[in-house]
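Sequence below, structure please.
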Amino acid sequence: MKVSRLVSIIMILLDKQRIGAQELANMFEVSTRTIYRDIDAINMAGIPVRSTSGVGGGFEMMKNYKMDSTVFSTADISTILTGLSSLSNMIQSDELINALAKVKSFIPADRVDEIQLKTDQIHIDLSQWIGYRNVQSYLEILKIALQENKLLSFEYADRHGNSTEREAEACQIVLKGNHWYFQGYCYKRNDFRLFKLARISNLKLEEIFFTPQDYQKPLLDFTDILATIQTKIKLRIHKSIMDRALDYCKYEDFSPDGDEYYIVTFPFVENDYYYNILLSFGDKCECLEPLHIRTELKRKIHVLANLYEN
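Next up is the predicted model:
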């Protein structure tokens, strides 16, 4: 059960006269059964929510009820503030500012320092150190597109560098790993696509409205797929790149080889992406086996070296 969803439901009930279970389920992309469980949890927390059946029925807060600030624990409020603050670093909006202000209003005066200390113990900064700098401005455009159901136009470069002009209906903003994407219905492909923001240029909000459609959620977990196509290779790496190698494998995959090196069992897929990972390690990494991958790495290194012959 997500505390953030419970808080959001409470906010909605405080703001609205009445709202149905199905409407709440659609908002949070959960089942109505989950919503009923959430309402039960809210009632158990001491917040009186009543339900009415029939046409026009739904959930509503008892009239003249005032929120008791002791409903939320220190950990609850700290968690909510951490999440909202991390989003506000990337997406500036009145909604986030208002949400932060409302949550802070729940904090009793005698718990302000305690909650501030807990909140400061975790800092999430989604902005980048270097590199692609359009993320924040593009996220603002995407947020408006989602709120107002406006069409987007942009140029998109695929992984081979080929650029095409696109128009798409935005459906969802996605943060996966350290990369931002948006899921949208692409008019060029007549299908749903996951667009990486780093490959987008000239993103524009068009004055063309669309009716939101049921969208296909993007596939974001490739664990099962990778398990069927990955093979294990053996690398010898210098200790100076151990932290980088740990982005792709576990510490248990390392065994010492003298004082300066490790032998690593490394998960590998035979495509350009994975070969480029190994090449990015430079002379701090040697592929020991299998032979055909070692041979292909040698070929790629010779091709690279030939670029600098003249």
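
pLDDT weak spots in the stretch 1-150 of the chain?
Within the stretch 1-150 of the chain, the stretches with pLDDT under 70 are 1-4, 15-17, 64-74, 77, 81-109, 121-133.

what are the ranges of the strands in it?
For the stretch 1-150 of the chain, the strands defined by DSSP state E, counting those that start in this stretch cover 49-52, 58-61, 150-157.

With respect to burial, which of these scores highest?
Most buried of those, by mean neighbour count (mean count of other CB atoms under 10 Å): strand 58-61, with a mean of 20. (Glycine included, C-beta is placed from N, CA and C.)

pull the CA atoms of that strand into CSV?
Extracted in CSV, the C-alpha atoms of strand 58-61 (Å, rounded to 0.1, in the frame of the first residue of the first chain):
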residue,chain,number,x,y,z
GLY,A,58,-19.1,7.5,-4.3
PHE,A,59,-16.8,8.4,-1.4
GLU,A,60,-16.9,11.7,0.5
MET,A,61,-15.3,13.2,3.6
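
which helices and strands does it pack with?
If contacts are counted by 3 or more CB pairs under 8 Å, 6 or more residues apart in numbering; DSSP states H and E, strand 58-61 sits against helix 3-15, helix 21-28, strand 49-52.

Walk me through which strands the last one pairs with, and which way each runs.
Yep, that's strand 49-52 we're talking about. Within its sheet, and counting by DSSP bridges, strand 49-52 is paired with strand 58-61 (antiparallel).

now the partner strand, how far from the chain's geometric center?
Centroid separation for strand 58-61 versus its chain: 31 Å, with CA atoms, centre = their mean, to the nearest Å.

buried residues in the strand ranked longest in the chain?
Secondary structure of the chain per DSSP state E: the longest strand is strand 163-176. Neighbour-count burial for strand 163-176 flags 166, 167, 168, 169, 170, 171, 172, 173, 174 (criterion: 16 or more other CB atoms under 10 Å).

swap in stretch 185-203?
For stretch 185-203, burial by neighbour count (16+ other CB under 10 Å) applies to 185, 186, 192, 193, 194, 195, 196, 197, 198, 199, 200, 203.

same thing with stretch 11-25?
Buried, per 16+ other CB under 10 Å, within stretch 11-25: 12, 13, 19, 20, 21, 24, 25.

Now do that stretch: distance to the chain's middle.
Centre-to-centre, stretch 11-25 and its host chain are 26 Å apart (CA atoms, centre = their mean).

can you list contacts of it?
Residues from elsewhere that reach stretch 11-25 (CB atoms under 8 Å, 6 or more residues apart in numbering): 9, 27, 31-32, 34-36, 49, 52, 56-61, 67, 99, 102.
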